[in-house]
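**Q** here's my sequence, what's the structure:
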Amino acid sequence: MSIAGKALTTYLDITGAPLRALGQDAMVDRVHASIKDVAGSLLRDETLRADARLQRGAMDEQARAEAKEAKADEIRAEGAAAVARKTAAKKTRARKVADAQAEAIDLQDAKARKEALAAEAAAVREERAAVEAKAEALRLEDATERAKAARKK
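**A** The predicted structure is shown next:
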């Protein structure tokens, strides 16, 4: 690289520093590469032009890497969203199964209570029938005793 090329590179580094501090690295690099290429053409400095081509190639590679990283981030986000959806669906299914089981248990409990009440009602009817039969037997016995007493008189 010629002395003029080295001077230009140093000048560009110094003047680009404030913009780099602001996070404008990519823009500064592109402008510097263009300036180096034009200056290399005017000064017939192939080293300066090669440096410009390398700088552009590095920037293009950096842009590709950033694009791939962005795509990877997107894929990771999609994967996380898919996992979240599947987890939510599993939780929903589990809640539905639990609700169905609880409902089935409630129905079994209700059926058992109904059967118990029906058995109790049947027992009460049988007891009532036995009480009525005993009352009838006592009434007949009493009537028989009165009839015997009336004949003896």
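**Q** what sits against Glu120?
**A** By Cβ atoms under 8 Å, 6 or more residues apart in numbering, Glu120 lies in contact with nothing. (C-beta placed from N, C-alpha, C; glycine too.)
**Q** okay, it and Ala112: tell me how far apart.
**A** 12 Å (Cβ to Cβ, to the nearest Å).
**Q** with just CA atoms, put stretch 29-42 into CSV.
**A** Taking Å, rounded to 0.1, in the frame of the first residue of the first chain, the C-alpha atoms of stretch 29-42 are listed here in CSV:
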residue,chain,number,x,y,z
ASP,A,29,-17.4,0.4,6.6
ARG,A,30,-19.4,0.6,3.4
VAL,A,31,-18.5,4.3,2.9
HIS,A,32,-14.9,3.6,3.7
ALA,A,33,-14.7,0.7,1.3
SER,A,34,-16.2,2.9,-1.5
ILE,A,35,-13.8,5.7,-0.8
LYS,A,36,-10.8,3.3,-0.7
ASP,A,37,-11.9,1.8,-4.0
VAL,A,38,-12.2,5.2,-5.8
ALA,A,39,-9.0,6.4,-4.2
GLY,A,40,-7.2,3.2,-5.2
SER,A,41,-8.4,3.7,-8.8
LEU,A,42,-7.2,7.3,-8.9
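**Q** and that stretch, how far from the chain's centre?
**A** In terms of Cα atoms, centre = their mean, to the nearest Å, the centre of stretch 29-42 is found 52 Å from the chain centre.
**Q** how about stretch 94-103?
**A** That offset, for stretch 94-103, works out to 20 Å (Cα atoms, centre = their mean).
**Q** what's the answer for stretch 102-113, then?
**A** 33 Å.
**Q** understood, closing this out.
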